[in-house]
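J.: pasted the sequence and its predicted model underneath.
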Amino acid sequence: MDSVEHCRFNDQLYAIIVRASFREPGITFFSTPELSQQLAYMSHPKGKSIAPHRHNKVTREVHYTQEVLVIQKGKLQVDFYTESEEYLESRVLSAGDIILLCSGAHGFEVLEPLEMIEIKQGPYAGEGDKTRFPEAPAVVKRIKGPIA
């Protein structure tokens, strides 16, 4: 099983999944620089010093909310949909997995009691932030990748 998956549909990046098993020394960026949400993994030995720094004020233009989910406990099924609300495919996330949702639409089904952290851009736009639509029936859903 690959520990990093770039979920693409029709050449569009919908999500980046980093499985709990991912391990690499140093810094690994999974997101490309143009994404409005950046996702990286860092692994350093004891004693490594990271220089003090501040982040400068930079004006950025964000058109869509991208979000990161960190699965702490349980299992979560992620269902991918097109912008026109057509079901595409599903993935299952387990404890320790992380997903960056980049584009398209998505829904979720909790498969086991779940604890997760959600990280997304602000400020929150209230009900104008998202459009809800009917879920695809379970009989059409296809799970790709690991389920256990």
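T.: The structure has been received and is ready for your questions.

J.: roughly how far does the most far-flung residue of the chain relative to its centre sit from G26?
T.: Distance from the centre of the chain peaks at G47, with 30.7 Å (CA atoms, centre = their mean). Applying CB to CB, to the nearest Å, the value for G47 to G26 is 15 Å. Any C-beta I mention is one placed from the backbone N, CA and C, and that applies to glycine too.

J.: secondary structure class for the nearest residue to S36 once chain neighbours are set aside?
T.: Nearest residue to S36 in three dimensions, chain neighbours excluded: V62, at 4.8 Å (CB to CB, 6 or more residues apart in numbering). The three-state label given to V62 by DSSP: H, G, I helix; E, B strand; the rest coil is coil.

J.: so V62 makes contact with K120?
T.: No - using CB atoms under 8 Å, V62 is not in contact with K120, being 10.3 Å away.

J.: who's more crowded, those two?
T.: Between V62 and K120, counting by other CB atoms under 10 Å, K120 is the more crowded of the two (13 against 10).

J.: contacting residues for the more buried one?
T.: K120 sits next to 37, 65-68 when contact means CB atoms under 8 Å, 6 or more residues apart in numbering.
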